[in-house]
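> predicted model and sequence below, questions to follow.
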Amino acid sequence: MANKIYTAKAHVTGGRAEGHGVTSDGALAVDLRLPPEMGGSGGGTNPEQLFAVGYAACFEGALGVAARRTKVDAGDAAIESQVSLSPNGKGGFVLSVELDVTLPSVQDSAVAVDLVRAAHQVCPYSNATRGNIEVLVTANGAAVE
C-alpha cells in the first residue's frame with residue numbers, strides 16, 4: 001500500500017463493553033458501551049454506531065465525486081445508515097448494512113439510481129465490504145443493484 005493518502009489512528013482500551021477510544025489527534029474521544037439490546041447499560045457509543053456514521057459520511061463524499069463526474073446536483077443529499085450485528089451460526093458475528101440515500105434535487109429515479117450506483121463503486125467503505133457483508137442501498141426509495 002505505497003500511495004497512502006491518509007491514515008487514521010486511534011487507541012482503544014476496555015473494549016466495547018466498558019471501553020474508551022480516542023483518535024491520535026484527540027478530535028474524537030468516545031466512551032464505548034454495550035447497548036441495552038445487547039444486555040448493556042448504554043450511555044456510550046458502540047462500534048456499530050461508529051461504522052454507521054463512518055460509512056454514511058464516506059458514502060456522501062463518494063456521492064459528491066459521482067455527482068461532479070456526471071454534472072448532477074446532489075448537494076442536498078442525505079443518508080440514513082443502519083449497521084446490524086447478527087450471529088453467524090458458527091459462534092461468531094456478522095455485520096450487515098442498509099444505506100437509504102435521499103436526493104431531493106434529483107427527481108428522475110433512473111438518474112438517482114445511476115448516481116448512487118456510481119458512488120457505491122467509488123466509496124472506500126463499499127469497496128471494503130463488497131463481497132464480505134450484505135449491503136443494501138436505495139436511492140430515493142428505489143433499490144440500487
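On my side now, so go ahead.
> which secondary structure element contains the spatially closest residue to residue 72 that is not a sequence neighbour?
Using C-beta to C-beta, 6 or more residues apart in numbering and skipping the chain neighbours, the partner closest in space to residue 72 is residue 115 (5.6 Å). No exception for glycine: its C-beta is placed from N, CA and C like everyone else's. Secondary structure assignment for residue 115, by DSSP states H and E: helix 109-122.
> centre of the chain to that helix, how far?
16 Å (C-alpha atoms, centre = their mean, to the nearest Å).
> give the buried residues for it.
Residues 111, 112, 113, 114, 115, 116, 118, 119, 120, 122 are the ones in helix 109-122 that count as buried (16 or more other C-beta atoms under 10 Å).
> need the contact partners of that helix.
59, 62-63, 65-67, 69-70, 72, 74, 101, 103, 106, 126-127, 137-140, 142, 144-145 (C-beta atoms under 8 Å, 6 or more residues apart in numbering).
> rerun that using 10 Å as the cut-off
58-67, 69-70, 72, 74, 77, 79, 99, 101-103, 105-106, 108, 126-127, 130, 135, 137-145 (C-beta atoms under 10 Å, 6 or more residues apart in numbering).
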